[in-house]
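# Provided below for reference: sequence and predicted model.
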Amino acid sequence: MSSTPEYPELDIVTPYGIVTRLPTSFPIIDPELDGHLDPCLFQAGFDDANMRLAAFPASWAKHHASTVLDTEPAVDDDEPSYTRGYRAALYGYLKHTSD
């Protein structure tokens, strides 16, 4: 008798909406990989990055996004959730803008 393995829930529900986590490995060993993520700080970083990118001409925005993503985040970052949100917005901008 073959049973289907149970997979952990990948959706994170926040006041801002639902985020689907992309698993980093299969099978997922720890279903709470982002348990330490502060969704409010993540959203604040994401929003700040989008506002900053919108204030730049397109070529400057691409340069800013690629330059920031090319450097490692600070090891002693006081707000890693904010930084992850900021960088997520930059990544999304680069991924979804046309040349």
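Great, that's in hand.
# got a pLDDT number for Pro8?
With respect to pLDDT, Pro8 scores 56.
# cool, and Phe42?
If you check Phe42, the pLDDT there is 88.
# does the nearest residue to it once chain neighbours are set aside belong to a helix or a strand, and which?
Excluding the flanking residues, the one nearest Phe42 by CB to CB, 6 or more residues apart in numbering is Gly85, at 3.7 Å. The way it works is simple: take the backbone N, C-alpha and C, and place the C-beta from them, glycine included. Assigned by DSSP states H and E, Gly85 falls within helix 80-96.
# that older thread, measure the residue nearest to Phe42 to Ser59 for me?
Distance of Gly85 to Ser59, computed by CB to CB, to the nearest Å: 24 Å.
# Toward the C-terminus, what is the element adjacent to the lowest-mean-pLDDT helix or strand in the chain?
Ranking every helix and strand in the chain by mean pLDDT, DSSP states H and E puts strand 17-20 at the bottom, with a mean of 69. Next along the chain after strand 17-20, taking DSSP H and E as the criterion, comes helix 39-55.
# tell me the angle that following helix makes with helix 80-96.
Calculated by axes from the mean of the first three to the mean of the last three CA atoms, to 10 degrees, helix 39-55 forms an angle of 40 degrees with helix 80-96.
# could you give the angle of the helix or strand just after helix 39-55 to helix 39-55?
For helix 39-55, the following helix or strand on the C-terminal side (DSSP H and E) is helix 58-70. Here the directions of helix 58-70 and helix 39-55 differ by 140 degrees (the same axes, to 10 degrees).
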